[in-house]
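Asks: what's the 3D shape of this:
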Amino acid sequence: MENVIGVLARVFVDDLDAALPVYRDLAGGRPAQRFAFKGVELARVGPFLLLSGDTAPFRDRVATILVRDVDAVADAITRAGGDLVDGPAPGPNGRRLIAAHPDGSVFEYIEEGGANGESDSGTAPATSS
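Replies: Residues are numbered from 1 along each chain as shown. Take a look at the predicted model:
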């Protein structure tokens, strides 16, 4: 079974509330799941992950990859000679991992429906808006 479930496009915005309507529209009217993590306000809307606030520490990530098993990702990255930058660790939307691939690309991996019942990159459960 394939481990990758999906990919979220990371979008850095100045004003989350102002940006949300167009992304909700593009995602077929889906509600936004909003949450906070390390001083950043985030909203997941369909295939988009919007980030607002002090986003400088997060701008090195190429994408957010949704996976079934973050431990399998960690094993594959280390076997290939990459580095585990942060995690695996609990997050507001599931277990998360920041990993640098051997080519230098940095990705965030989120375990959908993680064992801890939490969701993505943060401290509080996601809320819809």
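
Asks: those helices in this structure, which residues are they?
Replies: Along the chain, the stretches classed as helices by DSSP state H are 16-26, 70-79.

Asks: need those helices in TSV with distance to His101, mean pLDDT and mean neighbour count, can you?
Replies: Quick note: C-beta positions are derived from backbone N, CA and C, even for glycine. Rendered in TSV, the data for the helices of the chain read as follows (distance: least, CB to CB, whole Å; pLDDT from 0 to 100; neighbours: other CB atoms under 10 Å):
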stretch	distance to His101	mean pLDDT	mean neighbour count
helix 16-26	27	95	15
helix 70-79	7	97	16
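
Asks: Let's have the ones you listed in a markdown table, adding distance to Asn3.
Replies: Formatted as a markdown table, the entries for these read as follows, by distance: least, CB to CB, whole Å:
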| stretch | distance to Asn3 |
| --- | --- |
| helix 16-26 | 26 |
| helix 70-79 | 5 |
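
Asks: Between those helices, which one is closest to Asp60.
Replies: helix 70-79 (15.6 Å; CB to CB).
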